[in-house]
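Asker: sequence first, then the predicted structure:
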Amino acid sequence: MSRDIHVTVAAIVQRDQRYLLVEEMVAGRLVLNQPAGHLEARESLVQAVVRETLEETAWELIPRALLGVYHYEGPAGITYVRFAFIGDVGHHHPQRALDTGIRQALWLTRAELMARTADHRGPQVRRAVDDYESGRRYPLDTLVPCV
């Protein structure tokens, strides 16, 4: 039995008690997610999360720590291995076009995010916020490139 495995990255950013999220269209449904996407060939996990955050939110991400590595069995037999990073945002590029499918980037409080649980793209959205608020942090050098 073959499995479809996707390596993804996500950015967990909190500023002024609000989390950076995106509203995106997935399978005809508007959902909430952290800025996230797939690892591309010849890029590090940190480079991927910086790129995805810029593409989806127009914010430059400054990675600070690894939050965790998450394993999720999604619909249609797809397995996701998600590397979630904690970071701050730097420069904003408000004129930059966002990725296809992204309706908007927005900042929500935890209460606002949890009031929209039915709109979360998956359980990893809430889990990442819970883990962030629990104080979980791993140094970025936990990720060791083999060159």
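Answerer: Received, thanks. Numbers count the residues shown, from 1 in each chain.

Asker: for the protein, longest helix please?
Answerer: Across the chain, the longest stretch assigned as helix under DSSP state H is helix 45-57.

Asker: quick one: the helix or strand following it to chain centroid distance?
Answerer: On the C-terminal side of helix 45-57, the closest following helix or strand by DSSP states H and E is strand 59-73. Centroid separation between strand 59-73 and its chain, computed with Cα atoms, centre = their mean, to the nearest Å, is 6 Å.

Asker: neighbouring strands - and their directions - for the following helix or strand past strand 59-73?
Answerer: Sequence order places strand 78-92 as the next helix or strand after strand 59-73, per DSSP H and E. Sheet pairing of strand 78-92 (DSSP bridges) gives strand 4-15 (parallel), strand 59-73 (antiparallel).

Asker: can I get the first one in CSV, CA atoms only?
Answerer: Listed next in CSV are the C-alpha coordinates belonging to strand 4-15 (Å, rounded to 0.1, in the frame of the first residue of the first chain):
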residue,chain,number,x,y,z
ASP,A,4,0.9,10.0,0.0
ILE,A,5,3.1,11.9,2.5
HIS,A,6,3.4,15.7,2.4
VAL,A,7,6.1,17.6,4.3
THR,A,8,4.7,21.0,5.3
VAL,A,9,5.7,24.0,7.4
ALA,A,10,3.6,26.5,9.3
ALA,A,11,4.2,29.8,11.1
ILE,A,12,2.8,30.5,14.5
VAL,A,13,3.0,34.3,15.1
GLN,A,14,1.5,36.2,17.9
ARG,A,15,1.5,40.0,18.2
